[in-house]
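Peer 1: Below is the sequence, then the predicted model.
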Amino acid sequence: MTKRKRYSAEFKAKVALEAIREELTTAELAKKYDIHPTMISGWKRTAIENMASAFNGHATAEPAISAAEVEKLHAKIGQLVVERDAPQRLRGPTGATVAATMSEASSLIPGTGGKKR
């Protein structure tokens, strides 16, 4: 089995533009470029459908966010979640703070005489 051919966007645009101009039939273009006519028809249809986006005022596409930026943002989200949840983890199930629990526990330590500080 042969490997599938990949065509560049420039090549597809060139062939689609020739198909739109209709100077040659789809069959003639297919023979000229050694491509199946169905592919040319698909490229032509895609070109026509996306032609309006060239005139919508946003000539350049928004730059895609890089993987490094995504990773940095995920790290920041993790940090903020930890900061948000830290006070909840310091509280006991009844809402008592760790300090109050520790002072109660210190009264149970032998040698302290059960005295609270």
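Peer 2: Nice, I can see it.

Peer 1: With just CA atoms, put the strand or helix carrying V82 into CSV.
Peer 2: V82 belongs to helix 67-90 when assigned by DSSP states H and E. Output of helix 67-90 as CSV, limited to C-alpha atoms (Å, rounded to 0.1, in the frame of the first residue of the first chain):
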residue,chain,number,x,y,z
ALA,A,67,2.3,25.2,25.1
ALA,A,68,4.7,26.9,27.4
GLU,A,69,2.1,29.6,28.2
VAL,A,70,-0.6,26.9,28.8
GLU,A,71,1.8,25.1,31.2
LYS,A,72,2.5,28.4,33.0
LEU,A,73,-1.2,29.2,33.3
HIS,A,74,-1.9,25.7,34.7
ALA,A,75,0.8,26.1,37.3
LYS,A,76,-0.7,29.5,38.3
ILE,A,77,-4.2,27.9,38.6
GLY,A,78,-2.8,25.1,40.8
GLN,A,79,-1.1,27.7,43.0
LEU,A,80,-4.3,29.7,43.4
VAL,A,81,-6.3,26.6,44.3
VAL,A,82,-3.8,25.6,47.0
GLU,A,83,-3.9,29.1,48.4
ARG,A,84,-7.6,29.1,48.4
ASP,A,85,-7.9,25.7,50.0
ALA,A,86,-5.1,26.0,52.6
PRO,A,87,-7.3,27.7,55.3
GLN,A,88,-9.9,25.0,55.0
ARG,A,89,-7.3,22.2,55.4
LEU,A,90,-6.0,23.9,58.6
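
Peer 1: on contacts alone, who are the packing partners of that helix?
Peer 2: Helices and strands touching helix 67-90, as assessed by 3 or more C-beta pairs under 8 Å, 6 or more residues apart in numbering; DSSP states H and E, are absent. In this view, the C-beta of every residue, glycine as well, is placed from N, C-alpha and C.

Peer 1: Can you list the buried residues in that helix?
Peer 2: By neighbour count with 16 or more other C-beta atoms under 10 Å, helix 67-90 contains no buried residues.

Peer 1: How much space separates G78 from K72?
Peer 2: For G78, the distance to K72 equals 11 Å [C-beta to C-beta, to the nearest Å].

Peer 1: what do you get for A47?
Peer 2: With C-beta to C-beta as the criterion, A47 and K72 are 37 Å apart.
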